[in-house]
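1. please find the sequence and the predicted model below.
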Amino acid sequence: MTEAMRLDGIRAGRLGEEDLARNFDDLHPRFDPHEAAVAADRCYFCFDAPCVTACPTAIDIPLFIRQIQTGQPEAAAKTIFDQNILGGMCGRVCPVETLCQEACVREAAEGKPVEIGRLQRYATDAMMERGEHPYARAPETGKRIAVVGAGPAGLAAAHRLAMHGHAVTLYDAKPKPGGLNEYGIAQYKTPHGYAQAEVDWLLKIGGIAVETGRAIGDGLTLQQLRADFDAVFLGIGLAGVGRLGLEGEEAAGAENAVDFIAALRQQDDLTQLPIGRHVVVIGGGMTAVDAAVQSKLLGADTVTIAYRRDRAQMPASRWEQDLAASHGVRLMFGVAPKALEAEGGRLRGVVLDVLNPDMTATGETVTVRADQMFRAIGQRLEAVEGLALDGGKIAVDAAGRTSLDGVWAGGDCAAGGEDLTVTAVAQGRDAAEAIHAALTGARPAANRPAIGEPLRGIDAPPHGQAPHDRMPVPSGGGR
């Protein structure tokens, strides 16, 4: 343990540059061509592939894996991007262990699924690193659409609308576009500036003007946007952050986990980013895990996640929980913060109530040493004028239409979502198709095909290729 690591309080420089560079390197290094071919060979190419059903963006997973298997990673990338224009990011951050890979028949038969996420990343990286953008804009329609929020939903909507020939103005409150991908995901999951590189690649479609530092209620009003544009899409996320309601919470230096993650991602020199020696994170989602693991990677001595329910109810997947534990994070279940212990304005400990299964206090408490605490207890929608809400989020129909004519919404701000990047992409893309249909009278895309593409069936090969005869599942191998 270094001298800096032994010092209490919140301070920078607990680890040196080499240690930090190693700690924040890629969590899952990319496959090389041989590794990708071996991984692709494990796919059964199921006729009724359950992995496709489990993917919120309905990527044709057996097709893109077959394309990798046959040495066509760029074709595989096109298959992915047809359905998910942020497929590169999703290949890195999707909770595949609870989506496509959980549904994989190899998982059911052997407990070891095809590594779909890493194969997706291999393919998309191959195309993006060549600087290629596989789509061209349709002829100009003369229609103008405002997209507010440059996160996954807004980016997906803007790209699809631009492909249709509409002029898009993309607004975002932050200095950079990217939203959650740029500011809210652990650095070790998307290192080396990947989020901005992906945005730059996506904008190559053209027809998208980006204005940063612009937000609803801060220079923009929904009323004015409706007057100035033919349609509006809201992908504004959840900017409000909850408080614990503890006495002295702010004075003791309790911080929001999302702000910590954003600061880390924008910090060029991690030796200058302060972290406590003893860190407590309140919450149980992926944000809590990201904050806890990154605290450890920055050099915190002890890190504890305190969650009020049991392990099975923790929003973060078991894979994420195990990731935290593998980095030395302590996970406590059935506890809730009751009070903060401070001395001289500095946090010294967090007193936790031990809870019954029905969330009532048992009367027992436990105190965890802490000089820094992060809140990761969920985010909330900040009010938007004139919109009906559902469960604290913007009420939308299946196509993303809100209660106001000409206004659609998607992503974390919209009711019914799962607060995942991949779900936000699907909602942004589908809302864009609905907007296009409403403005032009075109038939809404069914089964979410690519622009200008026929619907893909089992016997309808894309892009002029021969059918990709999907192999039947061997006996005993699942579906």
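-> It's in.
2. from here on, contacts and neighbour counts on C-alpha atoms
-> Fine.
3. the closest residue to residue 85 other than its chain neighbours: what's it in contact with?
-> Distance criterion CA to CA, 6 or more residues apart in numbering; nearest residue to residue 85, sequence neighbours excluded, is residue 156 at 6.4 Å. If a contact means CA atoms under 8 Å, 6 or more residues apart in numbering, then residue 156 has 84, 85, 86, 425, 426, 428, 429 as its contacts.
4. what pLDDT is listed against the last one?
-> Listed pLDDT for residue 429 reads 98.
5. element containing it?
-> For residue 429, the host element (DSSP states H and E) is helix 421-440.
6. who are the packing partners of the helix or strand containing residue 62?
-> For residue 62, the element it lies in under DSSP H and E is helix 61-69. Applying 3 or more CA pairs under 8 Å, 6 or more residues apart in numbering; DSSP states H and E, we find helix 61-69 packed against helix 33-40, helix 73-83, helix 116-128.
7. identify the residues contacting the spatially closest residue to residue 345 that is not a sequence neighbour.
-> Spatially, and ignoring its direct neighbours in sequence, residue 345 is nearest to residue 252 (5.8 Å; CA to CA, 6+ apart). Residues in contact with residue 252 (CA under 8 Å, 6+ apart) are 340, 342, 345, 346, 347.
8. and these, which is closest to residue 121?
-> residue 347 (41.8 Å; CA to CA).
9. and the helix or strand encompassing that closest one, what's buried?
-> Per DSSP H and E, residue 347 falls inside strand 346-355. By 16 or more other CA atoms under 10 Å, the buried positions in strand 346-355 come out as 346, 347, 348, 349, 350, 351, 352, 353, 354, 355.
10. please apply the same query to stretch 216-234.
-> Using 16+ other CA under 10 Å as the test for burial, stretch 216-234 gives 216, 222, 225, 226, 229, 230, 231, 232, 233, 234.
11. the residue nearest to residue 180 when sequence neighbours are not counted: neighbour count?
-> Of all residues not flanking residue 180 in the chain, residue 151 sits nearest, at 5.8 Å (CA to CA, 6+ apart). Neighbours of residue 151 under the rule other CA atoms under 10 Å: 27.
12. list the contacts of residue 151.
-> 177, 178, 179, 180, 181, 235, 236, 237.
13. circling back to that earlier point, so which one of the contacts of residue 252 is the model least confident about?
-> Out of the contacts of residue 252, that is residue 345, at 82.
14. any idea how far that one is from residue 324?
-> Using CA to CA, to the nearest Å, we find residue 345 at a distance of 30 Å from residue 324.
15. more neighbours: which of the two?
-> Taking other CA under 10 Å, residue 345 and residue 324 do not tie; residue 324 has more neighbours (24 against 12).
16. on the three-state scheme, that one is what?
-> Taken by DSSP: H, G, I helix; E, B strand; the rest coil, the conformation at residue 324 corresponds to helix.
17. separation between the residue lying closest to it once chain neighbours are set aside and residue 397?
-> Residue nearest to residue 324 in three dimensions, not counting chain neighbours: residue 293, with 5.7 Å by CA to CA, 6+ apart. Distance of residue 293 to residue 397, given as CA to CA: 37 Å.
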